[in-house]
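In: Fold the stuff below for me.
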Amino acid sequence: MNPIGLGNDRHVGILKAVEEVPAFCEPIGFYRYCLRYVASNFNSQFKNVQLKDLRYRAGQALTVRIFETVMR
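Out: Purely as a prediction, here's the structure:
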């Protein structure tokens, strides 16, 4: 089976639906918040270009290991 990705803008209905499907977990299902919404909220609070770059790289991480590497 091919992996399925689901992006979310924090809509309560989507969160509830994902919780009710036990099969929707890695490595079959990947669940992430929409980086566009995260970026919009982040950019309104922080104007530093280096922080924006870090947010982008962390948001693009596909694994916990990559995320943690970016955050170091």
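
In: From F42, how far off is I14?
Out: Going from I14 to F42 by CB to CB, to the nearest Å gives 21 Å. Glycine gets a C-beta too; all of them are placed from N, C-alpha and C.

In: my bad, should have said L51
Out: 8 Å.

In: Of these two, which one has the most company?
Out: When L51 and F42 are compared for neighbours, F42 comes out ahead with 16 against 13, by other CB atoms under 10 Å.

In: Secondary structure element holding that one?
Out: Using DSSP states H and E, F42 sits in helix 35-45.

In: what pLDDT, on average, does that helix get?
Out: Mean per-residue pLDDT for helix 35-45: 84.

In: For that helix, buried residues please.
Out: Using 16 or more other CB atoms under 10 Å as the test for burial, helix 35-45 gives V38, F42.

In: so how far is it off the chain centroid?
Out: Here the centre of helix 35-45 is set off from its chain's centre by 12 Å, with CA atoms, centre = their mean, to the nearest Å.

In: That helix: what's the following helix or strand?
Out: helix 49-60.

In: Just give me the neighbour total for K52.
Out: The burial count for K52: 14, using other CB under 10 Å.

In: which residue packs closest to it, ignoring adjacent ones?
Out: In this structure, K52 finds its nearest non-sequential neighbour in N43, 6.3 Å apart by CB to CB, 6 or more residues apart in numbering.

In: which residues of the protein score low on pLDDT?
Out: The chain contains residues with pLDDT under 70 at 1-11, 25-28, 30-32.
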